[in-house]
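1. I need the structure of the sequence given here:
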Amino acid sequence: MDELIRHTGVVLSTKGEMAHIEIVQSSACSACKAKGMCTSSESQAKEMDAVMLEPMQPGDRVEVEVREHLAWKAVLLAYILPFVVMMAVIAVLDFTTNWDEAVVGTLSLCSIALYYLVLSQFKHRLQKQFTFTARKA
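-> Below you'll find the predicted structure:
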């Protein structure tokens, strides 16, 4: 069975079946009693849209869920594949041309920009696959 990744949050607004939710992600040391004295503790608020599994109102505390395999797919699309594309471009250009390293490096960075541009063309299809669900906490 596929595991779920869960985060708690607060509903900011609702529209139809969707809820706009704010979740606060904290660093691993956020529960430490000395976090007020430490500069490494941090938390980050993120907003997201999720499908409501039950009726909700703004201000409700909710639990946002996503399947773990979707999280791994997101990591693959956002980090691993661009790295592979960049390394492939570097390898091909470095071994097949006599271009300067700066040119090869610039072209490899441009290939990543092109990768994300192509990925953005599939935004609506990806949004259908990557669905978050929300239920009251």
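2. any idea whether the residue lying closest to Phe130 once chain neighbours are set aside is helix, strand or coil?
-> In space, Phe130 comes closest to Leu70 once its chain neighbours are excluded; the distance is 5.6 Å by Cβ to Cβ, 6 or more residues apart in numbering. All C-beta spots, glycine's among them, are computed from the backbone N, C-alpha and C. On the three-state scheme (DSSP: H, G, I helix; E, B strand; the rest coil), Leu70 is labelled helix.
3. count the residues that sit near Leu70.
-> 15 (other Cβ atoms under 10 Å).
4. do the same with Ile112
-> Ile112: 15 surrounding residues under other Cβ under 10 Å.
5. return the distance of it relative to Arg125.
-> Ile112 is 21 Å from Arg125, where distance means Cβ to Cβ, to the nearest Å.
6. His20 is in contact with Val10, isn't it?
-> No. At 10.2 Å, His20 and Val10 do not qualify as touching, with contact defined as Cβ atoms under 8 Å.
7. Met56: what's it in contact with?
-> Val11, Thr14, Ala19, Val62, Ala134, Lys136 (Cβ atoms under 8 Å, 6 or more residues apart in numbering).
8. drop anything exposed from the residues you listed.
-> When neighbours are counted using 16 or more other Cβ atoms under 10 Å, the contacts of Met56 contain these buried positions: Val11, Thr14, Ala19, Val62, Ala134.
9. spatially, which two of the residues you listed are the most separated?
-> Thr14 and Val62 (10.6 Å; Cβ to Cβ).
10. got a markdown table for the buried ones among the contacts of Met56, with distance to Leu93, secondary structure and pLDDT too?
-> Rendered in a markdown table, the data for these read as follows (distance: Cβ to Cβ, whole Å; DSSP: H, G, I helix; E, B strand; the rest coil; pLDDT from 0 to 100):
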| residue | distance to Leu93 | secondary structure | pLDDT |
| --- | --- | --- | --- |
| Val11 | 49 | strand | 95 |
| Thr14 | 50 | strand | 93 |
| Ala19 | 47 | strand | 93 |
| Val62 | 48 | strand | 94 |
| Ala134 | 46 | strand | 93 |
